[in-house]
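1. just coords:
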């Protein structure tokens, strides 16, 4: 089992190393993202959305659906964490307090 | 200044650090349209403020959003975001087209208020999710 996992890991590492060379170069002005979406946002986002910040224009205007999905993902992650961790609670662990102050601070 | 919370370290961290964290969170949230920042960062700051307050005070914390309430708040935050989109749909725009919000102000003002509303929803969701995960990890929830 360990051998299979190691071989799978090595295959993943090889795939990552070989495909990274095909990614668009960062800071290359002639790569695909720099020539298609970026000039559009830089030139027209202020006029089209009225937002003074490109990031806000992309986050809340052009990709509002995407941000709604991100918020839903965070909510779902919190819900799943709470459901998983609460169900394993043993009764002795239940009343333990994670409090740095010893005793009641009001007393 | 009496050391009400135990030691001087807890006292200073509660009285000095937490107000500044929350003030910075409000700044990041409100100024997020013009400058770097926004709902996710502000939510993380508010979440840290609540977690720090909980670590200092325990159950008696003033800034206490605990367990099931935080889970409900996280849902409410997501619902705020979605409902802004639905409201713009109902008043004849596209989904999340802030210019069609039914407010009696100029179009850039409606746009800014719409973005502030959705970022408020994101903030509430992220803050409550951090508190929910903290609660689940320390094994405490609303009884």
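-> Everything's here; your move. Model, not experiment: these values are computed from the prediction.
2. surely residue B:91 touches residue B:101?
-> Yes: contact criterion C-beta atoms under 8 Å: residue B:91 and residue B:101 qualify, at 7.0 Å. Bear in mind the C-beta positions are built from the backbone N, C-alpha and C, glycine included.
3. show me which of these two is the more surrounded one.
-> Per other C-beta atoms under 10 Å in any protein chain shown, whichever of residue B:91 and residue B:101 has more neighbours is residue B:101, with 19 against 12.
4. which residue, other than its chain neighbours, is closest to that one?
-> residue B:110 (4.6 Å; C-beta to C-beta, 6 or more residues apart in numbering or on different chains).
5. contacting residues around that neighbour?
-> With contact set as C-beta atoms under 8 Å, 6 or more residues apart in numbering or on different chains, residue B:110 has these partners: B:98-101, B:103.
6. one more pass at 10 Å, please.
-> A:50, B:88, B:97-104 (C-beta atoms under 10 Å, 6 or more residues apart in numbering or on different chains).
7. buried members of those into PyMOL, please.
-> To isolate the buried ones among the contacts of residue B:110 in PyMOL, judged by 16 or more other C-beta atoms under 10 Å in any protein chain shown, type:
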select buried, (chain A and resi 50) or (chain B and resi 88+97+98+99+100+101)
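8. spatially central residue for chain A, please.
-> For chain A, residue A:70 is the residue whose C-alpha lies nearest the centre (C-alpha atoms, centre = their mean; 7.9 Å).
9. gap between that residue and residue B:112?
-> Distance of residue A:70 to residue B:112, given as C-beta to C-beta, to the nearest Å: 21 Å.
10. and if you look at residue B:10?
-> 40 Å.
11. same thing with residue A:47?
-> Residue A:47 sits 16 Å away from residue B:112, going by C-beta to C-beta.
12. also residue B:67?
-> Counting by C-beta to C-beta, the gap from residue B:67 to residue B:112 is 35 Å.
13. which ones are touching residue B:41?
-> Going by C-beta under 10 Å, 6+ apart, the list of residues near residue B:41 reads B:24-25, B:28-29, B:32, B:119, B:122-123, B:126.
14. okay, now the unreliable bits of the chain?
-> All of this refers to chain A. Across chain A, the ranges flagged by pLDDT under 70 are A:88-107.
15. actually chain B
-> Along chain B, segments meeting pLDDT under 70 span B:1-5, B:59, B:140-143.
16. quick one: residue B:98 from residue B:126, how far?
-> Distance from residue B:98 to residue B:126, by C-beta to C-beta: 21 Å.
17. and what of residue B:85?
-> From residue B:85 to residue B:126 the distance is 18 Å (C-beta to C-beta).
18. compare the two (neighbour count), which wins?
-> The neighbour comparison of residue B:85 against residue B:126 (other C-beta under 10 Å) goes to residue B:126, with 26 against 20.
19. secondary structure element for that one, which one?
-> Using DSSP states H and E, residue B:126 sits in helix B:107-138.
20. can you check residue A:15 too?
-> Using DSSP H and E, the element containing residue A:15 is helix A:2-20.
21. what's the first helix or strand after that helix?
-> Using DSSP H and E, the helix or strand that follows helix A:2-20 in sequence is helix A:32-35.
22. this completes my enquiry, with thanks.
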